[in-house]
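Novice: structure here, sequence nowhere to be found:
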């Protein structure tokens, strides 16, 4: 089996991929908080504990692929994989085959997670496709019908917006990220939840509509990321929500390179 690891700014997601199946099905996933100062031993023990909880042994892992947007932890994390699994992982980045071309001003600046998302979306749902990832940052990347990533957009994520609002004010509390029952809020917490939710939802819809206005071809909109599940049923601008998109993309990248 293949271990696919997505290292994000907020969380590290680990997916177990049955790479022997034609569709490379994802059979298990886990998530841990991203912490810059964890040692390789800490990361290694966490990996072993997750594997054990799923009924797997370290010997069951045939290979590992990593997509990271947090360079500060890559040395310790890569070392943990080498030490505890005896595998030198494939790192998604410049020089790795993806099956897509990147027609941006600086192709190397495209995040490894965005690249894997685009690969997974194009392979699974076809193109052209606009890929929206709702994480710590909200990203939109467009893949045209010729398998080229031609445009991208980055904005603050919902959690980032909440943290900014709380840290920049004296009395506003931390609130849970959730879909409000109504926009007619009657308290501080519900007012924050409704305001953030509908402001963010409006931004999503306006952004997608602008892509449609400026791109002279029809395309699908595929969303992913943990926070995407909150919005997927509240807008008709998103065609598909796929929480496992990045693992699908990483599995394809793995096959292209190995």
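Specialist: Yep, it's here. Keep in mind that this is a model prediction, so the values were computed, not measured.

Novice: hey, where'd the strands end up in the stretch 101-250 of the chain?
Specialist: 101-102, 129-134, 137-143, 148-156, 220-224, 240-241 (DSSP state E, counting those that start in this stretch).

Novice: would you format those strands as TSV with mean pLDDT and distance to residue 15 included?
Specialist: C-beta: built from backbone N, CA, C; applies to glycine. Formatted as TSV, these follow (pLDDT from 0 to 100; distance: least, CB to CB, whole Å):
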stretch	mean pLDDT	distance to residue 15
strand 101-102	95	24
strand 129-134	96	15
strand 137-143	95	19
strand 148-156	94	22
strand 220-224	96	13
strand 240-241	96	17
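
Novice: chain center to the helix or strand where residue 82 lies, what's the gap?
Specialist: Assessed by DSSP states H and E, residue 82 sits inside helix 74-85. Centre-to-centre, helix 74-85 and its host chain are 21 Å apart (CA atoms, centre = their mean, to the nearest Å).

Novice: run through who's touching the worst-scoring helix or strand of the chain on mean pLDDT.
Specialist: One helix or strand of the chain scores below all others by mean pLDDT, DSSP states H and E: helix 158-167, with a mean of 81. Residues outside helix 158-167 that contact it (CB atoms under 8 Å, 6 or more residues apart in numbering): 10, 134, 136-138, 156, 172-175, 177, 192, 196-197, 200, 227, 230.

Novice: next: stretch 25-45.
Specialist: Here stretch 25-45 makes contact (CB under 8 Å, 6+ apart) with 1, 7-18, 46, 50, 53-54, 56, 70, 72-73, 75-77, 79-81, 83-85, 244, 247-248.

Novice: one more pass at 6 Å, please.
Specialist: 10-18, 50, 54, 72-73, 76-77, 79-80, 83-84, 244, 247 (CB atoms under 6 Å, 6 or more residues apart in numbering).

Novice: tell me which residues in it are buried?
Specialist: 26, 28-30, 34, 38, 40, 43-44 (16 or more other CB atoms under 10 Å).

Novice: show me what residue 63 is bridged to.
Specialist: residue 2 (DSSP bridges).

Novice: how about the strands of the stretch 101-250 of the chain, which one is nearest residue 90?
Specialist: strand 101-102 (18.2 Å; CB to CB).
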